[in-house]
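Q: Structure here, sequence nowhere to be found:
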Ligand SMILES: Cc1cc2nc3c(=O)[nH]c(=O)nc-3n(C[C@H](O)[C@H](O)[C@H](O)COP(=O)(O)OP(=O)(O)OC[C@H]3O[C@@H](n4cnc5c(N)ncnc54)[C@H](O)[C@@H]3O)c2cc1C
């Protein structure tokens with residue numbers, strides 16, 4: 001059977017078509033993009049009584065925010081050593097502390113707002129893909145436990161099956177501060193809260209042009225011209241030609257997820273006994289998890305295509321899943337979908353501005369925690385609230401040489417990473 005190309009998550013929480021509201025020709029703040037970033041910023045501003053309009057080219061959430069794996073990791077791609085080298089020990093530590101605060105803040109938000117999104121802090125197992133990676137993971141567990149007070153521990157290969165039903169990894173580590181949720185239900189909950197707070201949200205209304213207008217901004221939308229005192233751009237992996245400057249700085253990379261048909265309770269108990277979220281140390285790594293009801297395997301990784309028939313990337317993802325869990329060889333894939341994550345040159349999520357235009361973007365595949373957090377920070381900065389200060393306030397990401405929106409270099413980059421993964425495997 002051909003898999004459904006829409007996200008599995010949309011069965012329980014499809015993106016909603018909002019009732020068409022009048023577009024106000026002027027308001028205090030305009031936000032472009034109604035994913036987690038834009039909604040979080042809009043909710044923060046609306047609750048502070050600031051008139052805010054949010055525009056999205058698609059149905060709100062139809063970007064990455066209802067398509068992702070729902071792993072609430074607040075991950076940072078660069079290692080702690082890389083962060084220290086780039087920013088110095090103090091700033092690197094501040095970023096690590098902020099990632100912990102952002103994860104905790106998401107949990108508090110979901111509880112306080114009573115958002116029904118199947119959120120559970122089940123911990124995450126990271127598998128050592130190469131023999132040499134186990135020691136690094138064990139050191140990382142020690143750092144998390146000793147410096148950040150996170151419950152984290154190494155899992156030697158001999159006891160791996162207690163956490164994950166595979167011999168594929170050379171042991172791994174578990175950190176218990178990471179959870180899983182239903183991403184589309186989280187988005188639906190945030191959307192409802194933002195509307196309730198008074199944010200005016202216009203779905204299927206692209207912003208087509210942005211100009212400076214005195215101290216503020218003027219933008220052309222598909223439903224007329226709007227003037228605003230402030231603007232936040234929250235378009236991340238879906239950034240289009242409206243902001244060519246931003247587009248040269250963010251690379252949209254396709255990430256694809258497959259979902260299996262429901263499996264037996266026994267099989268799921270063998271494969272994912274602790275219901276952890278799952279990741280690994282390969283450069284081209286896979287991320288996976290049980291579905292919130294614990295019956296399916298949800299398995300994600302790079303797509304590797306930029307257009308065309310989804311059957312090749314679906315099969316390639318299935319092969320990767322079967323490498324880890326050979327028992328899934330004949331299991332049916334019911335869903336296969338993709339979305340865009342936004343990478344930037346140094347792979348660090350950030351909040352930045354240019355001539356007064358504010359941006360929050362570049363979550364590098366870890367926006368469930370970061371996007372909501374960075375959107376909130378960007379809004380607090382508009383409000384000139386000191387709680388808006390963040391260790392993620394940075395210079396804009398560097399432009400990518402010769403890049404203007406077509407990521408011509410991705411196939412070569414993927415091939416290079418794949419080679420490194422293969423060579424590492426030998427060691
Ligand atoms: C397949 C996949 C799996 C992922 N898995 C995880 C995971 O397990 N854990 C994790 O933490 N993160 C994950 N992510 C990343 C996470 O989903 C994103 O980082 C996060 O959703 C970004 O939210 P956002 O609001 O910034 O952007 P988006 O949700 O992508 O929203 C951007 C919006 O901007 C709109 N837009 C663009 N241009 C315009 C315009 N000109 N006018 C109006 N609107 C415009 C788009 O229509 C879009 O709706 C995954 C992403 C994908 C694609």
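A: That came through fine. Just so it is clear, the structure is predicted and the values come from calculations on it, not from any experiment.
Q: who does residue 55 bridge with?
A: The bridge-partner assignment for residue 55, based on DSSP bridges, gives residue 32, residue 202.
Q: pretty sure it contacts residue 205?
A: Yes. Judged on CB atoms under 8 Å, residue 55 makes contact with residue 205 at a distance of 5.0 Å. Where you see a C-beta, it was placed from the backbone N, CA and C, and this is true even at glycine.
Q: near the ligand, which residues of the stretch 201-350 of the chain show up?
A: Applying CB under 6 Å from any ligand atom, we find that the stretch 201-350 of the chain lies next to the ligand at 206-207, 234-238, 240, 242, 255, 257, 287, 300, 338-341.
Q: run the last query once more with 5 Å
A: Among all residues of the stretch 201-350 of the chain, those adjacent to the ligand (criterion: CB under 5 Å from any ligand atom) are 206, 207, 235, 236, 238, 240, 242, 255, 339, 341.
Q: Taking those residues, tell me the two that lie furthest apart.
A: Pairwise distances across those (CB to CB) peak at 24.7 Å, for the pair 207 and 255.
Q: okay, the two: which has more neighbours?
A: Using other CB atoms under 10 Å as the criterion, residue 207 and residue 255 rank with residue 207 on top: 24 against 21.
Q: contacting residues around that one?
A: Residues in contact with residue 207 (CB atoms under 8 Å, 6 or more residues apart in numbering) are 30, 32, 55, 57, 219, 220, 221, 242.
Q: Please identify the helix or strand for the closest residue to the first one other than its chain neighbours.
A: By that I understand residue 30. Taking CB to CB, 6 or more residues apart in numbering, and ignoring the residues beside it in sequence, residue 30 has residue 228 as its nearest neighbour in space, at 4.0 Å. Residue 228 is part of strand 224-233, with elements assigned from DSSP states H and E.
Q: Reformat the contacts of residue 207 into TSV and put pLDDT, secondary structure and neighbour count next to each item.
A: Output for these, formatted as TSV (pLDDT from 0 to 100; DSSP: H, G, I helix; E, B strand; the rest coil; neighbours: other CB atoms under 10 Å):
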residue	pLDDT	secondary structure	neighbour count
30	98	strand	29
32	98	strand	28
55	98	strand	26
57	98	coil	21
219	96	strand	21
220	97	strand	15
221	98	strand	19
242	93	coil	18
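Q: got a list of contacts for the biggest helix by length in the chain?
A: Secondary structure of the chain per DSSP state H: the longest helix is helix 89-112. Under the criterion CB under 8 Å, 6+ apart, residues 72-76, 80, 83-84, 86-87, 115, 117, 119, 121, 147-148, 150, 177-179, 181, 186, 189, 348, 368-370, 372-373, 390-392 lie in contact with helix 89-112.
Q: now residue 340, what's its secondary structure?
A: When the structure is reduced to helix, strand and coil (DSSP: H, G, I helix; E, B strand; the rest coil), residue 340 reads as strand.
Q: in the sheet, who's paired with it?
A: Residues in a beta bridge with residue 340, per DSSP bridges, are residue 254.
Q: Show me what residue of the stretch 201-350 of the chain gets nearest to the ligand.
A: Nearest residue of the stretch 201-350 of the chain to the ligand: residue 339, at 2.7 Å (CB to the nearest ligand atom).
Q: Now do the contacts for the closest residue to that residue other than its chain neighbours.
A: Here the nearest residue to residue 339 in space, its sequence neighbours aside, is residue 67; by CB to CB, 6+ apart that works out to 3.6 Å. The neighbourhood of residue 67, defined by CB under 8 Å, 6+ apart, consists of 7, 9, 183, 257, 337, 338, 339.
Q: Tell me the spacing between the second one and residue 191.
A: Put plainly, it is residue 9. Relative to residue 191, residue 9 is positioned 14 Å away (criterion: CB to CB, to the nearest Å).
Q: quick one, which of these two is more surrounded?
A: Under the criterion of other CB under 10 Å, the comparison of residue 9 against residue 191 puts residue 9 first, with 29 against 26.
Q: what about the closest residue to that one other than its chain neighbours, which SS state?
A: For residue 9, ignoring the flanking residues on the chain, the nearest one in space by CB to CB, 6+ apart is residue 184 at 3.9 Å. Here residue 184 takes the helix state, with states given by three-state DSSP.
Q: Can you give me the neighbour number for the closest residue to residue 212 other than its chain neighbours?
A: Using CB to CB, 6+ apart and skipping residues adjacent in sequence, the residue nearest residue 212 is residue 355, 6.9 Å away. Neighbouring residues of residue 355 were enumerated by other CB under 10 Å; the total is 7.
Q: Also residue 267?
A: By other CB under 10 Å, neighbour count at residue 267 equals 18.
Q: Equivalent analysis for the one 10 residues further on, please.
A: The burial count assigned to residue 277 is 27, neighbours taken as other CB under 10 Å.
Q: Pretty sure residue 249 sits against residue 344.
A: Yes. In terms of CB under 8 Å, residue 249 counts as a neighbour of residue 344; the distance is 6.0 Å.
Q: can you list residues touching both of these two?
A: Common contact partners of residue 249 and residue 344 (CB under 8 Å, 6+ apart): 362, 397, 398.
Q: distance of the first one from residue 246?
A: When distance is defined by CB to CB, residue 362 is 10 Å away from residue 246.
Q: So for those two, which residue has more residues nearby?
A: residue 362 (30 against 24).
Q: Can you give me the neighbour number for the nearest residue to that one once chain neighbours are set aside?
A: Using CB to CB, 6+ apart and skipping residues adjacent in sequence, the residue nearest residue 362 is residue 344, 4.1 Å away. When neighbours are defined as other CB under 10 Å, residue 344 has 21 of them.
Q: list the contacts for the residue lying closest to residue 162 once chain neighbours are set aside?
A: If the residues on either side of it in the chain are set aside, residue 162 comes closest to residue 273, at 6.6 Å by CB to CB, 6+ apart. Under the criterion of CB under 8 Å, 6+ apart, the contact partners of residue 273 comprise 161, 162, 163, 164, 165.
Q: Can you report how many residues neighbour whatever residue of the stretch 301-427 of the chain ends up closest to the ligand?
A: Nearest to the ligand in the stretch 301-427 of the chain, going by CB to the nearest ligand atom, is residue 367, at a distance of 1.9 Å. Other residues near residue 367 come to 31 when the count uses other CB under 10 Å.
Q: hang on, isn't it packed against residue 68?
A: Yes. When contacts are counted by CB under 8 Å, residue 367 is listed as touching residue 68 (7.1 Å).
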